[in-house]
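S.K.: A predicted structure for the sequence below; I have some questions about it.
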Amino acid sequence: MSKKCLVVMYHYVRNMHETPYPEIKGLLIDKFKGQLDYLMRNYTIISLEQYADYLGGKGDIPDNSCILTFDDGLKDHYKNVFPILKERGVSGSFFVATKPLLDKSVLPVQKVQFLLATLGSEKLAEKFNSILRKDFKELAENHFIDDVKHEGRGDWYDDWDTTLTSNLKYCIASLPWEVKDKIVNEIFVENFEDERKFSEEEYLNWEEIKEMIAAGMNFGTHSHSHPDLSKLSEADQIKELEISKKIMEDNLGREINLCSYPYGIPSEKSVESLKSLGYRCVLTTEVKMNKDKVDAFDIGRYDTNQIPFEEKNVVCPICGTKNLEEVNFCENCRYPLNVKKIDEFNKEDMIVHLSSLFDCMKKSDYFEDSELEKIYDEIFSLYWLRPETAVFSFIEASLIHKFKDKYLNYPVLDLGCGDGMFFSMAFGSKINKEYDNFEIIDFSKIDPYDSYEPLQRDFLIEKGSKIGYGVDIKENSVKRAKDLGTYDDVLIGDIRKLPFEDKSISSVYSNMFDDMKVGDMGAVLKEVHRVLKDGSYLVFTTPTENFKEFLYYYNKAKITKNEEEKRKYMEYDRGRSEWDARPLDFWKTILRENSFEFVENIDYAGEDVLKFWDTGFRPFFRQTWAMKNNLRSKGLLLPIKKISVDFMKTYFHNLVKEQNVEKGSFRMIVARKV
């Protein structure tokens, strides 16, 4: 009994509608799976190497064998085909043209296919004919593209291409190689700017090929540059077949002896060339079932379009029409069949949709300054559970960024540095997005941050500009600031008695002057003056004369007549209304009295910002903190945090975009030591 072997040929296997080139002729992934179901049920899948052994008199094959072959070395074969074959435990045979692997070019055959998909047959034929008439008049008569069926081109006409498209493919393929190359390249360059990038996106690379071979796939050559071998001289044929074989063997470290004819057209010269180079068998595109021991150099193949596939049907509940499983709407009455139900959305779906929604809503750039853009993201990532802190901190950080190169020179002394995170972010440091400023919290304390555990080793992923020194009165804060590693040193100390030598500091920054009483201010300024180098700068923040007027709870307490409500509002105020709101003249006077020259000031944080900061999210902090830890335990923290941060950056941008306001609640002041 003669043995039959069906060989099936594939090129593009992709969901064309999901790519930038929906008009590419290919096989949908679900249809490939369905066809594979049909073939595996009716045939035994073998490898081309097994068949080559059989044709060479070694071993046997089952009757009704089938070989899956894939031409052109396309990325589809790794992304879409290989996982399916591997999952089902069957082998495929893949044939690559080596030129794209060597120089990241695009083969003329693919250039034509993608130009067809982009321009359409009529427009491409028009461009092709125009160049042909202009530059190659002597060839125009026999290669002019029209919409008429010509004698002698019968093999080029099929059921899935129009006559115009078939003629276009014939005329391009039959032109002399250098002419075809010139015309196609000229049109391709007009429509695709980066050929190298295109090549990397559309073709396999060596690592992918090696991975596929390791999993049991077979590989052979499809020539070097995909010419019609029958049109080449014997020497040029040998060159095409020899160079591709050598390139593959050198890169893969194994013998390559399988081949698929480019365009599927054999010739006597090709066969002799292949045999002389040690090839074992070759595939054509002649449509035939291979029965018993056929010529190993003339193996026929069926195109995927000529093979049935398993159709999984969905019956429309409205009109009863049978539809393919992948169809979204009934082809008869348009009732939705394959649209995801609302109840079918799981957590991962919701995260993707939320992320997509905010990706559409958010701006691509919030600030023209790229460094400020980074600080914006870092500050909101750091304080994402307390957006009022993020808003206020970013405004101050943006002013520090503005003044940094002008007034804040290394080494900077950060007075009242706290845990150092805010100042480090303002100086360009970046934290791992897995973490935030709320890793170590003790809710039993009035100050829940007054706790200490060593920071995670990967907490900081990038250090910004060098800072210098930090001083703070809280031991736990100092330990945490030291762990950051962004300061040269951080000390526990009273800022009225600084532990530094005279004239050892280049600049001083502080956002703690709002806690200073008038009686202490002179002592602090004298100490700052002592440690600063001559002509250096002090930069500090302080409430303005508008501060109390803009507070929310303090003013609610003032107008209410209910004593219980008044007490409650003042409790919410947290003592902020006790801060001394000092006018600019006060600062100019006290600075002058302590040998400082006033340089400039910026007012910031208008009424809307201060009211938001004063109310804030503090009452919900325990719940949001617990939510964060719950998300982390489920592996969902990073996507939810990113969505939240993107939303807040967009929503609060109007509050932070104008840092310098006419009537602010806070003021940043710059003074110079004289």
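M.R.: Thanks, I have the structure now.
S.K.: count of residues packed around the spatially closest residue to Val179 that is not a sequence neighbour?
M.R.: Nearest non-adjacent residue to Val179, counting by CB to CB, 6 or more residues apart in numbering: Phe136, 5.7 Å away. Where you see a C-beta, it was placed from the backbone N, CA and C, and this is true even at glycine. Residues contacting Phe136 under the criterion other CB atoms under 10 Å number 15.
S.K.: Phe136 touches Glu178, doesn't it?
M.R.: No. If you go by CB atoms under 8 Å, Phe136 and Glu178 don't touch, sitting 10.2 Å apart.
S.K.: So in that sheet, which strands flank the longest strand along the chain, and in what orientation?
M.R.: The residue-count maximum for a strand in the chain (DSSP state E) belongs to strand 532-543. Strand 532-543 has its sheet partners listed here by DSSP bridges as strand 505-510 (parallel), strand 666-673 (antiparallel).
S.K.: Identify the residues contacting the residue lying closest to Leu116 once chain neighbours are set aside.
M.R.: Ranked by CB to CB, 6+ apart and with sequence neighbours excluded, the top spatial neighbour of Leu116 is Leu124, at 5.8 Å. Leu124 makes contacts with 112, 115-116, 168, 187, as judged by CB atoms under 8 Å, 6 or more residues apart in numbering.
S.K.: could the residues you listed be laid out in JSON lines, adding distance to Ile505?
M.R.: As requested, the contacts of Leu124 are exported to JSON lines (distance: CB to CB, whole Å):
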{"residue": "Val112", "distance to Ile505": "70"}
{"residue": "Leu115", "distance to Ile505": "67"}
{"residue": "Leu116", "distance to Ile505": "70"}
{"residue": "Leu168", "distance to Ile505": "77"}
{"residue": "Ile187", "distance to Ile505": "67"}
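S.K.: got a winner among these for most neighbours?
M.R.: That'd be Leu168 among those, by other CB under 10 Å, with 25 neighbours.
S.K.: hang on, isn't that one packed against Asp147?
M.R.: No. Counting by CB under 8 Å, Asp147 is not a contact partner of Leu168; they are 9.9 Å apart.
S.K.: Touching, Ala523 and Met516? I think so.
M.R.: No. In this structure, Ala523 is not within contact of Met516 by CB under 8 Å, at 9.4 Å.
S.K.: Show me the strands in the stretch 251-400 of the chain, by range?
M.R.: 258-260, 281-283, 290-291, 302-303, 313-315, 322-324 (DSSP state E, counting those that start in this stretch).
S.K.: Any chance of the strands paired with strand 532-543 in a markdown table with mean neighbour count, mean pLDDT and distance to Met425 as columns?
M.R.: Below are those laid out as a markdown table (neighbours: other CB atoms under 10 Å; pLDDT from 0 to 100; distance: least, CB to CB, whole Å):
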| stretch | mean neighbour count | mean pLDDT | distance to Met425 |
| --- | --- | --- | --- |
| strand 505-510 | 24 | 97 | 14 |
| strand 666-673 | 23 | 96 | 17 |
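S.K.: closest to Asp489 out of those strands?
M.R.: With CB to CB as the criterion, Asp489 lies closest to strand 505-510 of the strands paired with strand 532-543, at 12.2 Å.
S.K.: who's in contact with that closest one?
M.R.: Outside strand 505-510, the residues touching it (CB under 8 Å, 6+ apart) are 400, 407-416, 423, 468-469, 495, 528, 531-533, 536-541.
S.K.: ditto for stretch 650-666
M.R.: 358, 361-363, 366-367, 376, 387, 390-391, 394-396, 398-399, 402, 541-544, 546-547, 550, 602-610, 612.
S.K.: now that stretch, how far from the centre of its chain.
M.R.: 32 Å (CA atoms, centre = their mean, to the nearest Å).
S.K.: got it, and stretch 662-674?
M.R.: For stretch 662-674, the distance to the chain centre is 42 Å (CA atoms, centre = their mean).
S.K.: Could I get the CA-only coordinates of it as CSV?
M.R.: Below are the C-alpha coordinates for stretch 662-674, written out as CSV (Å, rounded to 0.1, in the frame of the first residue of the first chain):
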residue,chain,number,x,y,z
GLU,A,662,-0.2,86.7,43.7
LYS,A,663,-1.7,85.9,47.1
GLY,A,664,-0.2,82.8,48.6
SER,A,665,-0.5,81.2,52.0
PHE,A,666,3.3,80.3,52.1
ARG,A,667,6.4,82.2,51.1
MET,A,668,9.8,80.9,50.1
ILE,A,669,12.5,83.5,51.0
VAL,A,670,16.1,83.7,49.8
ALA,A,671,18.7,85.6,51.9
ARG,A,672,22.4,86.0,51.5
LYS,A,673,25.0,86.0,54.3
VAL,A,674,26.8,89.4,54.5
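S.K.: who touches the host helix or strand of Phe586?
M.R.: According to DSSP states H and E, Phe586 maps onto helix 584-593. The contact list for helix 584-593 (CB under 8 Å, 6+ apart) reads 521-522, 525, 542, 544, 597-598, 601, 667, 669, 671.
S.K.: Partner strands of the following helix or strand past it and their direction?
M.R.: Counting by DSSP H and E, the next helix or strand C-terminal to helix 584-593 is strand 596-604. Applying DSSP bridges to the sheet, strand 596-604 is found paired with strand 666-673 (antiparallel).
S.K.: still on that earlier bit, gap between the longest strand of the chain and the chain center?
M.R.: 43 Å.
S.K.: how about it: buried residues?
M.R.: 532, 536-543 (16 or more other CB atoms under 10 Å).
S.K.: And for stretch 221-234?
M.R.: 221-229, 231-232.
S.K.: ok so, going back, quick one: work out the angle between the longest strand of the chain and helix 584-593.
M.R.: Here strand 532-543 points in a direction 160 degrees away from that of helix 584-593 (axes from the mean of the first three to the mean of the last three CA atoms, to 10 degrees).
S.K.: List the contacts of the next helix or strand after strand 532-543.
M.R.: Using DSSP H and E, the helix or strand that directly follows strand 532-543 along the chain is helix 547-550. Helix 547-550 is contacted by residues 554-555, 577, 579, 581, 606-607, 610-611, 665-666 when judged by CB under 8 Å, 6+ apart.
S.K.: residues of helix 547-550 that come out buried?
M.R.: 547-548, 550.
S.K.: then that helix to PDB, C-alphas only?
M.R.: This file holds the C-alpha atoms of helix 547-550, laid out as PDB (Å, rounded to 0.1, in the frame of the first residue of the first chain):
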ATOM      1  CA  PHE A 547      -2.200  81.900  56.100                       C
ATOM      2  CA  LYS A 548      -4.900  82.000  58.800                       C
ATOM      3  CA  GLU A 549      -7.400  83.600  56.400                       C
ATOM      4  CA  PHE A 550      -7.100  80.600  54.000                       C
END
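S.K.: What's the mean pLDDT across the helix or strand following it?
M.R.: Downstream of helix 547-550, the first helix or strand assigned by DSSP H and E is helix 553-559. For helix 553-559, the mean pLDDT works out to 94.
S.K.: who does helix 553-559 touch, helix- and strand-wise?
M.R.: helix 547-550, helix 563-573, helix 607-615 (3 or more CB pairs under 8 Å, 6 or more residues apart in numbering; DSSP states H and E).
S.K.: residue ranges with poor pLDDT in the stretch 451-600 of the chain?
M.R.: The model of the stretch 451-600 of the chain has pLDDT under 70 over residues 514-515.
S.K.: go with 50
M.R.: Counting by pLDDT under 50, the stretch 451-600 of the chain shows no low-confidence range.
S.K.: thinking again about what came up before, buried only: go through the contacts of stretch 650-666 for me.
M.R.: For the contacts of stretch 650-666, buried by 16+ other CB under 10 Å: 358, 362, 366-367, 376, 387, 390-391, 394-396, 398-399, 402, 541-544, 546-547, 550, 602-607, 609-610, 612.
S.K.: elements contacting the helix or strand that contains Ala626?
M.R.: Under the criterion of DSSP H and E, Ala626 resides in helix 621-633. For helix 621-633, the packing partners by 3+ CB pairs under 8 Å, 6+ apart come out as helix 637-651.
S.K.: pLDDT averaged over the helix it packs on - what is it?
M.R.: pLDDT averaged over helix 637-651 gives 89.
S.K.: cool, stretch 263-273 as well?
M.R.: 80.
S.K.: In that stretch, which residues are buried?
M.R.: 263-267, 269-271, 273.
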